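Trainee: A structural model of the following input is requested.
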Amino acid sequence: MRKIILSVLGLLLIAAALLLSKSMIDNKQKPKPRYSKTIKTVFVENVTNKEIPIVIKASGNLVAKNKIELFSEVQGVLHTTKKEFKVGVNFLENETLLNINSDEFYASLQSQKSNLINSITAIMPDIRLDFPKEFNKWQTYLNSFDLNNATPKLPSFSSDKEKYFVSGKGITTGYFNVKNLEVKLKKYSIKAPYKGILTETFVTDGTLVRAGQKLGEFIDPSIFEMEVSINTAFADLLKIGNSVSLTNLERTKTYSGKVVRVNGKVDLASQTVKAFIEVAHKDLKDGMYLEAHVVAKSEKNAFEISRKLLINNNSVYTVKDTILKLIEVNPVYFNAESVVIKGLPNNTSVLTQSVPGAFDGMVVKIQKNN
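Mentor: Sure thing, here's the model as predicted:
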């Protein structure tokens, strides 16, 4: 009985081994799966070499070219004119911005004028006796002297003797003291040096103004300057008179300007050169932030592409007969988003978009840019 059981188990093991071997042979003979090869589509455009202007981008704030800070050189109570001394008020050239009460100073000036007249009158008898030929000119001077008008210039001296005599009587000193006071009297009234507008005010009518006190700020709103910093690498390209295109932050408006000054010194910290751009437009305001595009020079026989397409800063991918080919180029100028290159023949098909995993010799499908 035991032999029968062992024989049956042996037969079962043999049968199982045969089935297992048959299954393994069948699996080995199954065909390998086939994978479809994907060909990437690339966008290209044909190279057309041309003259490309090299534009340097910079930004800065506008500052009024004509701007003055108003300070008082005298002391007194402020009196405004017909127009209020407030921000935003416009004034014409030579129009009075403000007046400082000068009654006390004016009285002192008139007193000095009277003293000068008295001094000249006192020497008239001596002039008649010692300088009879000069009497008429001094008499004419006295007759023309008007306390309410500017003091006339003293008569010219005909001889050193006359000069020493008049000076010795204190006439010359008195005259120049009066002229000095007349100059100071003009400082009690501040006039607009040009047509402009008040942008800052620090006093109002009735304020006691002290000497050296800042009163406000006055600008000409018709012309502005913008200071920009240019990398020293392009300093030799920057010339006075270069045209400049200026845009606002939203890039909705464009203004035209030109380079009027270039600093001859390089900033040690930033290694930049400061250039000054002049621009005029009715929409511009002092302090406005603008972006400048300075045309430095033009590069002939060049082509402009995106910086993302430049490989290792010296090569680009082109397409020839559906095959990618890496070609070396000469980059001549880098912008923030693009680069100007040379070395590509005309009508060469160059990529316009980056291709992930691209390599030299890769098969692609071409799609022309519209």
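Trainee: What degree of burial does Ser315 show, as a neighbour count?
Mentor: Ser315 has 17 neighbours, counted by other Cβ atoms under 10 Å. Heads up, the C-betas are built off the backbone N, CA and C, glycines and all.
Trainee: give me every residue that touches it.
Mentor: Leu326, Ile327, Glu328, Val329 (Cβ atoms under 8 Å, 6 or more residues apart in numbering).
Trainee: same deal with Ala235?
Mentor: Val262, Val266, Val273.
Trainee: returning to what we had before: now the buried members of the contacts of Ser315.
Mentor: Ile327, Val329 (16 or more other Cβ atoms under 10 Å).
Trainee: Return the member of the contacts of Ser315 nearest to Asp146.
Mentor: Closest approach between the contacts of Ser315 and Asp146, by Cβ to Cβ: Val329, at 83.9 Å.
Trainee: In strands, which of the contacts of Ser315 appear?
Mentor: The members of the contacts of Ser315 that map onto strands under DSSP state E are Leu326, Ile327, Glu328.
Trainee: Where is the longest strand in the protein?
Mentor: Ordering each strand of the chain by length in residues (DSSP E) puts strand 289-306 first.
Trainee: How far does the following helix or strand past it sit from its chain's centre?
Mentor: Next helix or strand after strand 289-306 toward the C-terminus (DSSP states H and E): strand 315-320. With Cα atoms, centre = their mean, to the nearest Å as the basis, strand 315-320 stands 40 Å off its chain's centre.
Trainee: let's number from 16 now, not from 1
Mentor: That works, and once the first residue is 16, the last one we named lands at strand 330-335.
Trainee: could you give me the average pLDDT of strand 330-335?
Mentor: Taken as a whole, strand 330-335 has a mean pLDDT of 89.
Trainee: Equivalent analysis for stretch 241-258, please.
Mentor: In this model, stretch 241-258 carries a mean pLDDT of 82.
Trainee: go on, stretch 375-384?
Mentor: The average pLDDT within stretch 375-384 is 80.
Trainee: and it, which residues are buried?
Mentor: Met377, Val379.
Trainee: Check what contacts stretch 311-322 and list those residues.
Mentor: Counting by Cβ under 8 Å, 6+ apart, residues outside stretch 311-322 touching it are 62-71, 249, 252-254, 257, 331, 347-350, 352-357, 359, 365, 367.
Trainee: now the angle from the longest strand of the chain to strand 330-335?
Mentor: Angle, strand 304-321 to strand 330-335, by axes from the mean of the first three to the mean of the last three Cα atoms, to 10 degrees: 50 degrees.
Trainee: if I averaged out where everything in the protein sits, which residue would be nearest that spot?
Mentor: Closest residue to the average C-alpha location of the chain: Met241 at 2.3 Å, with Cα atoms, centre = their mean.
Trainee: quick one: which of the contacts of Ser330 is nearest Asn130?
Mentor: Nearest member of those to Asn130, counting by Cβ to Cβ, is Val344, at 87.6 Å.
Trainee: For the closest one, list the residues it contacts.
Mentor: Leu325, Asn329, Ser330, Val331, Ile356, Lys357, Gly358, Leu359.
Trainee: Check the spacing between it and Thr367 real quick.
Mentor: 15 Å (Cβ to Cβ, to the nearest Å).
Trainee: how about the helices in the stretch 166-315 of the chain?
Mentor: 175-183, 186-201 (DSSP state H, counting those that start in this stretch).
Trainee: Deepest in the core, which of the ones you listed is it.
Mentor: Of all the helices of the stretch 166-315 of the chain, helix 186-201 has the most neighbours on average by mean count of other Cβ atoms under 10 Å, namely a mean of 15.
Trainee: Touching that one from outside, list them.
Mentor: With Cβ under 8 Å, 6+ apart as the criterion, helix 186-201 contacts 88-89, 117, 120-121, 123-124, 127-128, 130-131, 134-135, 138, 165-166, 169, 181-182.
Trainee: same check, this time on stretch 293-308
Mentor: 70-80, 82, 214, 234, 236-241, 243, 259-264, 266, 268, 270-275, 292.
Trainee: buried residues in it?
Mentor: Going by neighbour count (16+ other Cβ under 10 Å), the buried part of stretch 293-308 is Val294, His296, Leu299, Asp301, Met303, Leu305, Glu306, Ala307.
Trainee: before we move on, what about stretch 123-140?
Mentor: Result for stretch 123-140 [16+ other Cβ under 10 Å]: buried residues Leu124, Gln127, Lys128, Leu131, Ile132, Ser134, Ile135, Ile138.
Trainee: try stretch 58-68
Mentor: When neighbours are counted by 16+ other Cβ under 10 Å, the buried residues of stretch 58-68 are found to be Val59, Val62, Asn64, Ile67.
Trainee: What are the contacting residues of it?
Mentor: So stretch 58-68 is contacted by 310, 312-319, 334, 355, 357, 359-368, 381-384 (Cβ under 8 Å, 6+ apart).
Trainee: Could you list the low-confidence segments of this structure?
Mentor: Along the chain, the model assigns pLDDT under 70 to residues 16-18, 21, 23-27, 30-31, 35-52, 383-385.
Trainee: okay, now the domains of it?
Mentor: Annotated domains of the chain cover 57-65+315-383, 70-78+237-314, 81-116+203-234, 119-201 [automatic domain parsing].
Trainee: Reformat those as TSV; add distance to Ile20.
Mentor: Output for the domains of the chain, formatted as TSV (distance: least, Cβ to Cβ, whole Å):
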stretch	distance to Ile20
domain 57-65+315-383	66
domain 70-78+237-314	96
domain 81-116+203-234	116
domain 119-201	139
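Trainee: Leu28 is nearest to which of those?
Mentor: Comparing the domains of the chain by their distance to Leu28 (Cβ to Cβ), the top pick is domain 57-65+315-383, with 53.9 Å.
Trainee: How far off centre is stretch 66-86?
Mentor: Averaging C-alpha positions (Cα atoms, centre = their mean) puts stretch 66-86 2 Å from its chain's average.
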